[in-house]
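In: Structure here, sequence nowhere to be found:
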C-alpha cells in the first residue's frame, strides 16, 4: 500500500501539512493510536486510511501505537485483532509498533518533573467531590484544598502512590492549570490514577496508570510525530495536549489536527455499546458479520479495496455528519462487479419437471463466468429434465405485469431454453405447490437458431440431480432504524430479521469444491463463501444486487 494514494481528492489536513512542508524542515510522521479495549470498527478504518495514507502521500512514516493505559479493559486478543485488521486493510508499520506502556517509566519521570516545577499535585478528593469542585460550563470550578501542598509532600505522596501504599481511587495526580478556565478540560485534569489491574504487557509492575490526555502527547513527542491526527471530539482537548508538551518542555511539539469522525446510519459506533452487544449475546462475537467491526465486515465478505474506496469517497471534513450505509454497499458492489464469478444458486427451491425433455439426458451448457470481465472465461453447467427454480419465481394466480413463471406463461431459463408452464402439482393436504410441470422449446437454446425469440422473464435455476446442497446466511442491517440511538435503549431498535439462515439451498455442482471467495448469485446479490466442509458450502450474503446509492446519485 505504500504506493497507493488512499484519498484521491485533497483535504484540509493535507493543505495544512503542505503549508508546514513549505515553511519547515520536516519529514511527515503520523501514527494510528488505538486503545486495545475492543475490536476496530469501520470508523477506525477511516482513521487508518487517513494516517497511513497521509504518510504514504508525503513519503513519510506512520507508527502503530497502542494506547494501553487502562489495563482493566485491555486484552491481548484486542491487540492481535487490531494488527490483523490494519494489515488486512493493506497497511504496514514495519518496525514501528509501539505501546504507551513502552514509556511508563518516562511518563512517571515527566510527571515528577511537573511536580518539581509546581505544575502538578496529589489530590485526595473523592471522584464525587472532584466532580462537584469542577464547576459547570457556565460556572468556574473551585480549587482543591490539596492544590497548594508543598512540592516535597507531593513528591513523597506520588512515590507512595507508585509503591502501592494507597487504595485504588483514594488519590490522583492532577495538573495545576486553571480552575476558572472556560474549557473544563483545563480545570486541573487528572494525570495519574491508582488502579490495581494486571497489565497485558507489564503485569503487576505498576499500580498507577497515566490518563490518555497525559500519555498521548508525550508518546507523540517521544516518537517524533509531526502531525497528530485525531477525531473531532478531541478538539476541546487540544489546549491540554499543548499544555502537557509545553509544561514538560518537550523538544518535539507535534501539531494536533482534528477531523470529523465517521458516523454511519443503521449502526452504532460506540465501542462500549459494541462490547455490550457481544457480551450480552445479541450478536455472535466481535466478528459477527452484522457488526460494523472490520473483522465482521471481513467475515461477511467485504474486501479491503471496497473499504478503502469507501473511506476515499466520504472524504475528510471538519464537521460531523452521518454517512448513508448504502454508500458502503455501493462500494462493495463496484469492487466485486468485475471480480466475482457469476453462478446460479436457488435459495428456496421449487421443483420443475420439463415433460418433453428426454428422460435421463444431461447436457452441458456454456455460461460465461463474468460478462463484465470476459477474461474470466466460461464454465459448463448441467441441464436435465428436472430442475429447481426459486419459489418466488412462480405464481399460480399472478397479477398483471408478472413476468416470471405462471400457468400458460413462458420464461427463459438463463443459458438454457424457453419453457412454458403446463401443470401445477399441489400437496393434497396443505395445498402447497410442490412441483410445476413445463414443456420446453428445443429450438430456443441459448446461442441457437431461435434463441432470439423474445420472452419477458429470465430465471436462474439448477439441475436437480447435480445440484449441491448447502447453507446461506442472509445478513441484513443489525438495526431497523437509521438512527439506532433514538429512544431510551438502542437495543430496542435491533432488527429481528438481521439474520435469516437457509439450510436447503441448491447450487451449481462446481461450488462443491469451490474455495473461500466471492461470487455473484445471479439475480440475488453478492455472496462470500465462508467455508466449504465436506462439499457442503456455507455462504454469507454481503449485499443484494439492488443499489439504492446509485439510484440516489442518479436522482
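Out: Looks like it came in fine. These numbers were taken from a predicted model, which means no experiment stands behind them.
In: For the stretch 151-300 of the chain, just list every one of the helices.
Out: Per DSSP state H, counting those that start in this stretch, the stretch 151-300 of the chain carries helices over the ranges 151-162, 212-223, 238-247, 271-279, 294-300.
In: Would you tell me which of those gets closest to residue 177?
Out: helix 238-247 (6.4 Å; Cβ to Cβ). Quick note: C-beta positions are derived from backbone N, CA and C, even for glycine.
In: list the helices and strands the closest one packs on?
Out: strand 172-175, helix 212-223, strand 255-259 (3 or more Cβ pairs under 8 Å, 6 or more residues apart in numbering; DSSP states H and E).
In: Output the ones you listed as JSON lines; include the columns distance to residue 135 and mean neighbour count.
Out: Formatted as JSON lines, the helices and strands packed on helix 238-247 follow (distance: least, Cβ to Cβ, whole Å; neighbours: other Cβ atoms under 10 Å):
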{"stretch": "strand 172-175", "distance to residue 135": "15", "mean neighbour count": "24"}
{"stretch": "helix 212-223", "distance to residue 135": "18", "mean neighbour count": "23"}
{"stretch": "strand 255-259", "distance to residue 135": "25", "mean neighbour count": "19"}
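In: okay, these in CSV with mean pLDDT and distance to residue 475 next?
Out: As requested, those are exported to CSV (pLDDT from 0 to 100; distance: least, Cβ to Cβ, whole Å):
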stretch, mean pLDDT, distance to residue 475
strand 172-175, 98, 45
helix 212-223, 98, 35
strand 255-259, 96, 30
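In: can you redo the ones you listed as TSV with distance to residue 538?
Out: Converted to TSV, the helices and strands packed on helix 238-247 look like this (distance: least, Cβ to Cβ, whole Å):
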stretch	distance to residue 538
strand 172-175	52
helix 212-223	41
strand 255-259	39
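In: Of all these, which one is nearest residue 44?
Out: From the helices and strands packed on helix 238-247, taking Cβ to Cβ, the stretch that ends up closest is strand 255-259, at 13.2 Å.
In: What pairs with the closest one, parallel or antiparallel?
Out: Taking DSSP bridges as the criterion, strand 255-259 forms sheet pairs with strand 227-231 (parallel).
In: State the mean pLDDT of the lengthiest helix in the chain.
Out: Among the segments of the chain that qualify as a helix by DSSP state H, the longest is helix 42-57. In this model, helix 42-57 has an average pLDDT of 96.
In: So which elements touch it?
Out: helix 12-23, strand 29-32, strand 61-66, helix 76-88, strand 227-231, strand 263-264, helix 294-300, helix 304-314.
In: if I look at residue 365, how far off is residue 463?
Out: 10 Å (Cβ to Cβ, to the nearest Å).
In: Looking at these two, which is more packed in?
Out: residue 463 (22 against 19; other Cβ atoms under 10 Å).
In: Could you double-check that that one lies in contact with residue 387?
Out: Yes - using Cβ atoms under 8 Å, residue 463 and residue 387 qualify as a contacting pair, with a distance of 5.5 Å.
In: give me the number of residues near residue 148?
Out: 11.
In: What sits closest to it if chain neighbours are left out?
Out: Using Cβ to Cβ, 6 or more residues apart in numbering and skipping the chain neighbours, the partner closest in space to residue 148 is residue 121 (7.7 Å).
In: Across the sheet, point out what pairs with the one you found.
Out: Residues in beta-bridge contact with residue 121 (DSSP bridges): residue 174.
In: give the contact list for it.
Out: If a contact means Cβ atoms under 8 Å, 6 or more residues apart in numbering, then residue 121 has 115, 144, 146, 147, 148, 149, 154, 173, 174, 176 as its contacts.
In: In contact with the second one, which residues?
Out: Residues in contact with residue 144, defined by Cβ under 8 Å, 6+ apart, are 121, 123, 125, 130, 133, 174, 188.
In: can you rerun that using 10 Å?
Out: Applying Cβ atoms under 10 Å, 6 or more residues apart in numbering to residue 144 gives the contacts 121-125, 129-130, 133-134, 172, 174, 176, 179, 188.
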